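Visitor: Just a sequence and a predicted model for now, questions to come.
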Amino acid sequence: MFKFNTSWIATPIVLALLIGIWHAYVTIFSVSPFILPSPFAVWQAVLVLLADPRTWQHTLITLYEIVAGFILAVIIGIVFGGFLGKIRWLEQTLNPLIVGLQVMPKVALIPLFIVWFGFGVTSKIVLAAVIAFFPIMTNTILGIKSVEMGHRDVMLALNASRWQTFRDVELPSAMPFILTGMEVGIVLATIGAIVGEYLGGSQGLGYMAVATLNAFDVQSMFGVIFVLTILGLILYFLVVMLRRYLTPWHAAAKND
Amino acid sequence: MFKFNTSWIATPIVLALLIGIWHAYVTIFSVSPFILPSPFAVWQAVLVLLADPRTWQHTLITLYEIVAGFILAVIIGIVFGGFLGKIRWLEQTLNPLIVGLQVMPKVALIPLFIVWFGFGVTSKIVLAAVIAFFPIMTNTILGIKSVEMGHRDVMLALNASRWQTFRDVELPSAMPFILTGMEVGIVLATIGAIVGEYLGGSQGLGYMAVATLNAFDVQSMFGVIFVLTILGLILYFLVVMLRRYLTPWHAAAKND
Amino acid sequence: MSVTEKAAIQTTAAPTTGARGAGIKLAGVEQRYGDPKSSVLALTDVNLEIGKGEFLVLLGPSGCGKTTLMRIIAGLLKSTSGKVEIDGQPLWNGNRRNDKVMEELGVVFQDANMFPWLTIEDNIALPLKLRGVSKTERRKRASELCELVGIKGFEKRWPRELSGGMRQRAAIARALSCKPQILLMDEPFGALDAMTREQMNLELQRIWMESGCTVVLVTHSIREAVFLADRVLLLSPRPGRMDTLKTIEIARPRSAYDQSTPEFQAYELELRKRLDTFA
Amino acid sequence: MSVTEKAAIQTTAAPTTGARGAGIKLAGVEQRYGDPKSSVLALTDVNLEIGKGEFLVLLGPSGCGKTTLMRIIAGLLKSTSGKVEIDGQPLWNGNRRNDKVMEELGVVFQDANMFPWLTIEDNIALPLKLRGVSKTERRKRASELCELVGIKGFEKRWPRELSGGMRQRAAIARALSCKPQILLMDEPFGALDAMTREQMNLELQRIWMESGCTVVLVTHSIREAVFLADRVLLLSPRPGRMDTLKTIEIARPRSAYDQSTPEFQAYELELRKRLDTFA
Amino acid sequence: ADLTKMTYLTPFGYIVGFSETMYADTAGIFKKHGLEVTVEGGRGSSMAVQQVTAGNALVSRTGGTDLIKAYAKDPSIVAIGEIYQRDIFYMISSKDAPINKPEDMAGKTIGIVSAAGATENILDMMLAAKDVPKADVKREVVGNAPAAFQLIKQGRIAGFIATNDTAYQLSSSGEAVTAWSTDDVALCPGQVYMTSKAQLAKNKETIAKFFAAVYESLGEMINAKDLAPVLASVSGKYQLAEGARPDKGLAVLQYGVENYKRAYQEKLKSNADAWKSAYALMVKAKLIPELADQNFYDDSARLLAFP
Ligand SMILES: Nc1ncnc2c1ncn2[C@@H]1O[C@H](COP(=O)(O)OP(=O)(O)OP(=O)(O)O)[C@@H](O)[C@H]1O
Ligand SMILES: Nc1ncnc2c1ncn2[C@@H]1O[C@H](COP(=O)(O)OP(=O)(O)OP(=O)(O)O)[C@@H](O)[C@H]1O
Ligand SMILES: [Mg+2]
Ligand SMILES: [Mg+2]
């Protein structure tokens, strides 16, 4: 990913193309700046934002919420996935509840979250964790179920304890799966934190996005969204890089 | 999943327990019904909703949006995942853009979506598809990369075309992975459709949820959310059932 | 042979070549696969005592249930009926395996089953890790074992960097790492070349004689069976039954030259003839 | 032998037992693994002509590069240097494989590589499916092939329901399904029991003689090599080089009894001696 | 002396329109009155009602019609003083096809800010006031943004109801808009302070101190010759949504201070006529049932502050 390769050239080209289309669309149809500002206006807004130290404060808060929520989701996801992957009746018992929690529109819970966790970062961390946890858990379960029979046999023959089997076989076997879940998870944690900020509190980039929208400053809003997207991308690629370090032996890691 | 087993007893028990805790919490702390109505009040609201034919109309619309968005996401996710899993430079080129699209808070795009696709179902279908597509694509790529080397060798030796290799080896190999992505995807499609309804238009359960909330009819809102959650659960378990039919040979399918 | 000798089998006292190894006792072992209604009988009526320190070889046509029997002895499969005792202790208490008994087993499978995320060294030392042996000690033992099985210098490699035969040798090293009392091997040398295979046979004989452990080995090679075995158990095809139990009375240690003795040839021919009748 | 005969090897005209099979020509083939800096030389200086319809057996110690050479001939690996020609046509045009040449190859791997999502029948008929043969025709052919390799009755099973040996037989059936001009087999019988193995050897000889295809087979068994081969190529260990190329002049068809002739024994001994010097 | 801690929740984030409390905080007026106020940014009426009843916030601010509607569900909340005495909503349409009165809306689609929210209520009340059947007007959620004007141009809607800010934004960006206050048709209490009855009983003195401070803050803003220092003080602590504008929101503040004048003169007094009118229209529009208990507002804390 970070070696020099064609994508270093191709991605910017595709990007430039898309920005070109955007610009042309705005110009040709003379789209109102209240709906879609031109790329240049957005870029201007980004520069203004980056020059403002408060943007950085908000960014740090959002970053903290995402990372904390994500780490929580990873820990809880692997622990739950580990148990549910091994204990079939527990999976079947809790699965509908977990899926229900996942499907349920969290907006309803925000007032409760605020009552429980306050207006600050905690409610957003919880929201990020709740949303990000699901794919990590699902993939952990899949990973554990996909352990090769031969590998299971070896551990059985060695009379390994459940914990040893988990640590030495199931977890590493499931690692490529878990990492894929984490790749989806970090994206969802980002969405979770932002939605949380959208719906309550007065800190973070998500709040900035609503605030600028409410001030009808659409180009600043797109600027905030740009910053958010970059933040999300950086986090995502950090998780992707983890793959190389955690599964150097896996084909999917080699091919990256 | 649909054989008689312990989970048919255990799940209701856990559920009853949770409802008990909810009721106790509401009663003991005398929580305002504006924040969290009692389970009985919510049940009452559900009954009222179910008796109203308009609820069913809204439900059908939401269902249509979710299913259409999900199907779109599955098709696009598998096609993209198929190409990106096989063509390394393309993956590297488009990946940052796709991740960016995923991380980007879609709320900003809703006004645009409405301008482009109108108030109706189309904008929600697009939103559902955009959100659900990502985990399906990611898992398709992982699945294709996880194809056994020996299996690749067989197809190579048979001088199979790229399409044949995809159809006969990569797709079936990746199927357990894709199904896991679809399990996450249907949940996200549900969220996408609902968020879309929340933010624009005047149809669907998501619209009902905001409308009841704005009318301070919190117990009806929880009722709507209950209906939504049940809808989401049904869809999710339909996707889970697909696993049996599509991968009868896979260990994870057998264990279900 | 066979049918007439069968009666004698049960009573034949197991020879006690070694001293330390544990004995195995199988009584009325039967294995069915599949759900009760449409089940397939894979193995039936296995009654066998394997002496402490004995070297028993399982021989038989493909699909006769050798792997199945091996898995039953290894505690990987609870036979649908019958009893297994190791060293006088039942292997199963109801549905729980007897942990103490399991400690004494080392198993080599038909596939190498190396863990791709561990280096060869760590793969070999895994059983030691599970028993809480320190890292330095594990390293030391792994490198000794690599030398023993002839893959010295590959300690730090990933399994995918080794050829199939080398991986199988690593699997043998792994099974030996805990100095098991009972070594169960399911066609361990199937993936090795002829030369290494002969070497490994000699090596195995030496290890077995030194350690005095009990060995049960599955093979397709009649020559290998005669060369290694105290007794050879021939299984008949589906459902697998004990067909012939032949004691090989060639003095130990046996060398490669013993293979050309008429005595050796006679054993080989006898077994081959019996095998041929299954066709 | 070997060193002195080596010069003669290049000029030895390949015998032309069959008529229809395609010939293979290797010139200066060399294979390095790993990135350019720290690469390992696995195989070097392979110059060989395999005649149309010839039966060539590759023999050599573990890790000497037999699989590597096989993969090069099968077009699965582009050798780091050297040329491969099939029937006068280069296998590679730059970095593209020559499709027409590939059509003539059938490959059996060391592992069965059955696709777990296809029944045995569908696994065997897969090559036919890729060539657009109709479903009924495929079914028919698959059932014939199952009978040929001795797994009749298992057509509708999943691969996981078969024993290792049965899966390998299915793999052979798969490779035969397209009636290839060149059959490449990497230790195809390693997982079979002795008896089936001998049967399969006879079967393979018959199929080969009937079809007149060219066969390249990797084995660990010297006996198998001598029994099947027109010529045996012995590879020396790392880096793999052509050590000995021995023509086996025993009349066809060969029967199991031929194995006990002094002539057969002499070939076997000669190869074994040479192999032993590699230790 | 020990400061009394309390939380105030704004209707929606930190915008210039809510600067009376933010300025009272940054100018140290709350402290002068013995209060330590945390000003949290809210997200609309439902959050205001929810957090006030939960006791997370002592006081919040919401629209009068919202309060009546919530009161109809659960009379545990109460208005305690008015801050804007006119409703802040405007009916916006294009000059080319203007909507000048409720009758013009019949058979058209009208944009609203949120489903069943304040704007939809006001729409219904306006229609009820002129006896236009509810069903004759289709509505779509378009949000509170000038962007909705684009939908008028596209012909997707005929007009929309939004806040005065939106109207101001559109006209100042040169769009050909027709905009009029909904109060002209449906008189309602504008923005009111509210709390729960339980908290009012328990913390009346704290609320009185809060009112006194807000009153002082309003006075300072209204009497200031130059509002720039006021804005600078507020935006020193609170990142105002309008802060990204070239004038940092000064024009919005100048415009907003006008709205404060009546509340300042009447010391946040509730306007009984507006409450009566709003209640009658809401009943007529079938937004609420007829209520026996119509004690929507309670001026006791205000009277304690301004005897
Ligand atoms: N898990 C299973 N489910 C159903 N049938 C099975 C299973 N495992 C083995 N069998 C059947 O049981 C019989 C014995 O199988 P087993 O693997 O023990 O044979 P084997 O002697 O080891 O064969 P090989 O020499 O080919 O490895 C075979 O007929 C096989 O088809
Ligand atoms: N992908 C690879 N990367 C690096 N080294 C490899 C790779 N494949 C094979 N080798 C090395 O090349 C050499 C030849 O390997 P190859 O698999 O061809 O041997 P072989 O003769 O088939 O052995 P065996 O009889 O054990 O199957 C070995 O030393 C092996 O370690
Ligand atoms: Mg077996
Ligand atoms: Mg090999």
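Guide: That came through fine. Ligands and ions are numbered 1, 2, ... in the order given.
Visitor: Across the sheet, point out what pairs with residue C:29.
Guide: Listed by DSSP bridges, the beta-bridge partners for residue C:29 are residue C:46.
Visitor: Name the nearest residue to residue E:213, ignoring sequence neighbours.
Guide: residue E:33 (4.3 Å; Cβ to Cβ, 6 or more residues apart in numbering or on different chains). C-beta here means a position set from N, CA and C on the backbone, and glycine is covered the same way.
Visitor: For the one you found, the count of nearby residues, please.
Guide: By the measure other Cβ atoms under 10 Å in any protein chain shown, the count of residues near residue E:33 is 22.
Visitor: which residues does it contact?
Guide: By Cβ atoms under 8 Å, 6 or more residues apart in numbering or on different chains, the contact set of residue E:33 is E:209, E:210, E:212, E:213, E:216.
Visitor: Over to residue E:15?
Guide: Here residue E:15 is in contact with A:211, A:214, A:215, E:240, E:241, E:242 (Cβ under 8 Å, 6+ apart).
Visitor: Most neighbours among the residues you listed, which one?
Guide: Result: residue E:241 is most packed of these (other Cβ under 10 Å), 28 neighbours.
Visitor: can you tell me the residue of the stretch 101-250 of chain C closest to chain E?
Guide: Closest to chain E within the stretch 101-250 of chain C is residue C:117: 47.3 Å, counting by Cβ to the nearest Cβ.
Visitor: Specify the local secondary structure of that residue.
Guide: coil (DSSP: H, G, I helix; E, B strand; the rest coil).
Visitor: which residue packs closest to residue E:295, ignoring adjacent ones?
Guide: Nearest to residue E:295 is residue E:78, by Cβ to Cβ, 6+ apart, at 7.1 Å.
Visitor: now the helices: where do they sit in chain C?
Guide: C:3-11, C:66-73, C:99-102, C:120-130, C:135-149, C:164-176, C:194-211, C:222-228, C:262-276 (DSSP state H).
Visitor: quick one: average confidence on the helix or strand hosting the residue nearest to residue E:295?
Guide: In the assignment (DSSP states H and E), residue E:78 maps to strand E:77-84. For strand E:77-84, the mean per-residue pLDDT is 92.
Visitor: What helices and strands are in contact with it?
Guide: If contacts are counted by 3 or more Cβ pairs under 8 Å, 6 or more residues apart in numbering or on different chains; DSSP states H and E, strand E:77-84 sits against helix E:45-53, helix E:64-73, strand E:191-196, helix E:197-202, helix E:204-223, helix E:250-265, helix E:300-305.
Visitor: Now with 7 Å, please.
Guide: On a contact count with 3 or more Cβ pairs under 7 Å, 6 or more residues apart in numbering or on different chains; DSSP states H and E, strand E:77-84 meets helix E:45-53, helix E:64-73, strand E:191-196, helix E:197-202, helix E:250-265, helix E:300-305.
Visitor: I'd like those written out as CSV, with mean pLDDT added.
Guide: CSV is the format used below for the helices and strands packed on strand E:77-84 (pLDDT from 0 to 100):
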stretch, mean pLDDT
helix E:45-53, 88
helix E:64-73, 91
strand E:191-196, 93
helix E:197-202, 93
helix E:250-265, 88
helix E:300-305, 93
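Visitor: Which one of those lies nearest to chain A?
Guide: Relative to chain A, the nearest member of the helices and strands packed on strand E:77-84 by Cβ to the nearest Cβ is helix E:45-53, separated by 4.4 Å.
Visitor: Could you give the number of residues near residue A:75?
Guide: Neighbour tally, residue A:75, other Cβ under 10 Å: 13.
Visitor: again, but for residue E:76
Guide: Neighbour number of residue E:76 under other Cβ under 10 Å is 17.
Visitor: Also residue E:153?
Guide: Using other Cβ under 10 Å, residue E:153 is surrounded by 12 other residues.
Visitor: element containing it?
Guide: Using DSSP H and E, the element containing residue E:153 is helix E:148-154.
Visitor: Please point out which parts of whichever helix or strand comes after that helix sit buried.
Guide: Sequence-wise, the next helix or strand downstream of helix E:148-154 (DSSP H and E) is strand E:159-163. For strand E:159-163, burial by neighbour count (16 or more other Cβ atoms under 10 Å in any protein chain shown) applies to E:159, E:160, E:161, E:162, E:163.
Visitor: quick one: which of these is nearest to chain B?
Guide: For the buried residues of strand E:159-163, the nearest to chain B is residue E:160 (12.4 Å; Cβ to the nearest Cβ).
Visitor: The nearest residue to that closest one once chain neighbours are set aside: what secondary structure?
Guide: Leaving out its chain neighbours, the residue that sits closest to residue E:160 by Cβ to Cβ, 6+ apart is residue E:111, at 2.9 Å. Of the three states, residue E:111 takes strand under three-state DSSP.
Visitor: residues in contact with residue E:111?
Guide: E:140, E:142, E:148, E:151, E:157, E:159, E:160 (Cβ atoms under 7 Å, 6 or more residues apart in numbering or on different chains).
Visitor: Hmm, residue E:140 and the third one touching each other?
Guide: No. The criterion here is Cβ atoms under 7 Å, and residue E:148 misses it with residue E:140 at 9.4 Å.
Visitor: Pick out whichever of the two has more residues nearby.
Guide: Between residue E:148 and residue E:140, residue E:148 has the larger neighbour count (other Cβ under 10 Å), namely 28 against 22.
Visitor: Mind pulling the model confidence for that one?
Guide: At residue E:148, the pLDDT recorded in the model is 83.
Visitor: In contact with it, which residues?
Guide: Here residue E:148 is in contact with E:111, E:142, E:160, E:162 (Cβ under 7 Å, 6+ apart).
Visitor: Now residue E:115. Its backbone dihedrals?
Guide: Torsion angles at residue E:115 (phi, psi; degrees, to the nearest 10) stand at phi -60, psi 130.
Visitor: I'd guessed it sits against residue B:214; true?
Guide: Yes. Here residue E:115 reaches residue B:214: they are 6.0 Å apart, a contact under Cβ under 7 Å.
Visitor: and the closest residue to chain C within the stretch 1-150 of chain A, what is it in contact with?
Guide: Proximity of the stretch 1-150 of chain A to chain C (Cβ to the nearest Cβ) peaks at residue A:150, 4.1 Å away. Residue A:150 is in contact with C:109, C:111, C:113, counting by Cβ under 7 Å, 6+ apart.
Visitor: One more: residue A:61?
Guide: A:121, A:203, A:204.
Visitor: Check which helix or strand the closest residue in space to the first one that isn't next to it in sequence maps to.
Guide: In this case it means residue A:121. Of all residues not flanking residue A:121 in the chain, residue A:65 sits nearest, at 5.2 Å (Cβ to Cβ, 6+ apart). If you go by DSSP H and E, residue A:65 is part of helix A:53-86.
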